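Asks: here is my input, please return the structure:
(2 chains)
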Amino acid sequence: GNSVTQMEGPVTLSEEAFLTINCTYTATGYPSLFWYVQYPGEGLQLLLKATKADDKGSNKGFEATYRKETTSFHLEKGSVQVSDSAVYFCALDRGSTLGRLYFGRGTQLTVWP
Amino acid sequence: SQTIHQWPATLVQPVGSPLSLECTVEGTSNPNLYWYRQAAGRGLQLLFYSVGIGQISSEVPQNLSASRPQDRQFILSSKKLLLSDSGFYLCACMIQGAGELFFGEGSRLTVL
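Replies: Reported below is the predicted structural model:
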């Protein structure tokens, strides 16, 4: 089946620390992979995506590389800010026209000044 | 660009009461529409999706139902709420071929 497993939180970091949130997936076919972010009290927003193997998605200093050999899509940022505090969701789309996304459980990130 | 409106934003209801959450989409036509529930510590669960007017697919058996009376309107309902229906409900849309979900601001439901 299709599923996403992401690192359990919460993750607490000091400002300017390096961030990694692990995400691995199980899927048939050639899925697209996404990271969504949810700021406190809001809905989800797309952070970045990658549609094929070895693609790197990037946005706002965050990066994630689609690794087919390890079925992973880890989220990284070199220097986090307090404003990055949010819940991060990894997701996959198996590529059907239905657009059905499978989400991980989410990882809460808190950044302290 | 598309905008998704959800209301009410917050709702407190007694067990056994009915529910109606509404979602409308602006800025696009013929989108795929989705209802997700986010329960505490459990991530996002897809409840229903719709590819057109009157077309509803349910992902999990439950106490809720959905309807799509117009192209850009998606309604989540219940006749009798349960405590377990508490959660944060998110409406989302996907433009055909875009490969990206756009989410509304969410409706927080507390059942007492």
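
Asks: show me the contacts for the nearest residue to A:Gly43 once chain neighbours are set aside.
Replies: Once flanking residues are discounted, A:Gly43 sits nearest to B:Phe103: 3.7 Å by Cβ to Cβ, 6 or more residues apart in numbering or on different chains. Any C-beta I mention is one placed from the backbone N, CA and C, and that applies to glycine too. B:Phe103 is in contact with A:36, A:43-45, B:4, B:90-92, counting by Cβ atoms under 8 Å, 6 or more residues apart in numbering or on different chains.

Asks: how does it look with 10 Å?
Replies: Each residue near B:Phe103 by Cβ atoms under 10 Å, 6 or more residues apart in numbering or on different chains is listed here: A:36, A:38, A:42-46, B:4, B:6, B:34, B:36, B:44, B:90-93.

Asks: check B:Lys79 too.
Replies: Contacts of B:Lys79 (Cβ under 10 Å, 6+ apart): B:16-19, B:63-65.

Asks: can you list the strands that the helix or strand of chain A with the lowest mean pLDDT pairs with?
Replies: Here the helix or strand of chain A ranked lowest by mean pLDDT, DSSP states H and E is strand A:101-103, holding a mean of 87. Applying DSSP bridges, strand A:101-103 is found paired with strand A:86-93 (antiparallel).

Asks: who's in contact with whichever helix or strand comes after the least confident helix or strand of chain A?
Replies: Per DSSP states H and E, the first helix or strand lying C-terminal to strand A:101-103 is strand A:107-112. If you take Cβ under 10 Å, 6+ apart as the criterion, strand A:107-112 is touched by A:6-17, A:19, A:21-23, A:37-38, A:75, A:77, A:80-90, B:41, B:43.

Asks: so which bits of strand A:107-112 are buried?
Replies: Of all the residues in strand A:107-112, those buried under the rule 16 or more other Cβ atoms under 10 Å in any protein chain shown are A:107, A:109, A:111.

Asks: please apply the same query to stretch B:44-52.
Replies: In stretch B:44-52, counting by 16+ other Cβ under 10 Å, buried: B:44, B:46-51.

Asks: now render those as a markdown table, adding secondary structure and distance to B:Ser77.
Replies: Below are these laid out as a markdown table (DSSP: H, G, I helix; E, B strand; the rest coil; distance: Cβ to Cβ, whole Å):
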| residue | secondary structure | distance to B:Ser77 |
| --- | --- | --- |
| B:Leu44 | strand | 20 |
| B:Leu46 | strand | 17 |
| B:Leu47 | strand | 11 |
| B:Phe48 | strand | 10 |
| B:Tyr49 | strand | 16 |
| B:Ser50 | strand | 14 |
| B:Val51 | strand | 19 |
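
Asks: ok, back up a step: tell me the buried residues within the contacts of strand A:107-112.
Replies: Here, 16+ other Cβ under 10 Å leaves A:6-7, A:9, A:11, A:13, A:19, A:21-23, A:37-38, A:75, A:77, A:80, A:84-90, B:43 buried among those.

Asks: now, which of those residues lie within strands?
Replies: A:6, A:11, A:13, A:19, A:21, A:23, A:37-38, A:75, A:77, A:86-90 (DSSP state E).

Asks: please name the bridge partners of residue 110.
Replies: No chain specified, so I'll use chain A. Judged by DSSP bridges, the bridge partners of A:Thr110 are A:Thr12.

Asks: let's do chain B instead
Replies: Those that pair with B:Thr110 in a beta bridge, by DSSP bridges, are B:Val12.
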